[in-house]
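Asks: I need the structure of the sequence given here:
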Amino acid sequence: MCKVDYLQRLIRGALGAALLLAAGGSARAEDAGPDAIYGVTSLDVAASASAQGVALLKQYRDGVRKQAGFVAIELLQEVGAPNRFLLFETWKDQAAYDANERSAQTAQLRDTLKPIAGAPPDRRDYHVVSVAAARPAAANAIFMQLHLDVFPPGLVPTLAAVKAVAEAARKGDGNLRYDVVQSVKPPLSHMTLFAAWQDRKAFDAYEASSYGRKFRDTVGPLLGSPYDDRLYVSVN
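Replies: Here you go, the predicted structure:
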């Protein structure tokens, strides 16, 4: 390869990385290896502090992108409840996740959220059960987060059910991603399903699909807490 071609490839790579960050910092799923750790944080602030919450979480998101071992982060705001947020982070491995937990931006986020928090944040680390490449999300994309808590005897059938629904959903019209992750620490019966569709119509089609109904019918009797799927939009 000549030097000119090599430099052109470097330039294209740098431009691609810049565009990726400008689009929200999402990486393709294959960029995260088998040791990847997923950080899932649900939090809410006082209703009057929604704008302040957005500003603080954006600051955290921008700081996270500079951390070693960072792969991707999604900052989301709940549909119909703008004071509720979700962070879905992907880290190279447990060491990278733990380093971010000890980082200055994480400490700053926790300290600055305390005065406006509506409830303590819920933050968990997960490993992969089923993750595939994500398609780009437009402004009207709808995101779903479903936290599953099943009784321990139901873990094996639940794992089979979440893998099946993820594979089926990825083939559905308008689906952009469907990730399933499982708690790193006990209880291992905790899982999060994180998915996105191009719009609300595509999500509603998923809800009405035969595989979506079969999944709910399968896991329903196994649950240790209510089935609670929440919808979000991206915060850019």
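Asks: low-confidence ranges in the chain?
Replies: Scanning the chain for pLDDT under 70 picks out the ranges 1-31.
Asks: which residue packs closest to the residue sitting nearest the centre point of the chain, ignoring adjacent ones?
Replies: Centroid-nearest residue in the chain: Phe88, 3.1 Å away (criterion: CA atoms, centre = their mean). Spatially, and ignoring its direct neighbours in sequence, Phe88 is nearest to Glu74 (4.4 Å; CB to CB, 6 or more residues apart in numbering). Using the backbone N, CA and C atoms, a C-beta is placed for each residue, glycine as well.
Asks: in a strand, the one you found, correct?
Replies: Yes. Counting by DSSP: H, G, I helix; E, B strand; the rest coil, Glu74 is found in a strand.
Asks: please renumber so the chain begins at 15
Replies: Will do, 15 is the new start, and the previous item becomes Glu88.
Asks: wait, doesn't it sit right on Ala209?
Replies: No. With contact defined as CB atoms under 8 Å, Glu88 does not reach Ala209; the gap is 11.3 Å.
Asks: identify the contacts common to those two.
Replies: Taking CB atoms under 8 Å, 6 or more residues apart in numbering as the contact rule, the neighbours common to Glu88 and Ala209 are Phe157.
Asks: tally of neighbours for the closest residue to Gln212 other than its chain neighbours?
Replies: Among residues not flanking Gln212 along the chain, Gly188 sits closest, at 4.3 Å (CB to CB, 6+ apart). By the criterion of other CB atoms under 10 Å, Gly188 has 18 neighbours.
Asks: swap in Ala86?
Replies: Ala86: 22 neighbours (other CB under 10 Å).
Asks: and it, how far from Trp105?
Replies: Distance from Ala86 to Trp105, counting by CB to CB, to the nearest Å: 9 Å.
Asks: cool, Ala113 as well?
Replies: For Ala113 relative to Trp105 (CB to CB), the value is 9 Å.
Asks: between those two, which one's more packed in?
Replies: A direct count of neighbours by other CB under 10 Å for Ala113 and Trp105 places Trp105 higher, at 27 against 15.
Asks: would you map the strands across this structure?
Replies: Using DSSP state E, the strands of the chain run over 51-58, 84-92, 95-105, 136-144, 156-163, 189-197, 204-211, 243-248.
Asks: adding distance to Val78, write those out as JSON lines.
Replies: Below are the strands of the chain laid out as JSON lines (distance: least, CB to CB, whole Å):
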{"stretch": "strand 51-58", "distance to Val78": "9"}
{"stretch": "strand 84-92", "distance to Val78": "5"}
{"stretch": "strand 95-105", "distance to Val78": "7"}
{"stretch": "strand 136-144", "distance to Val78": "13"}
{"stretch": "strand 156-163", "distance to Val78": "18"}
{"stretch": "strand 189-197", "distance to Val78": "18"}
{"stretch": "strand 204-211", "distance to Val78": "17"}
{"stretch": "strand 243-248", "distance to Val78": "16"}
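Asks: all set now, cheers.
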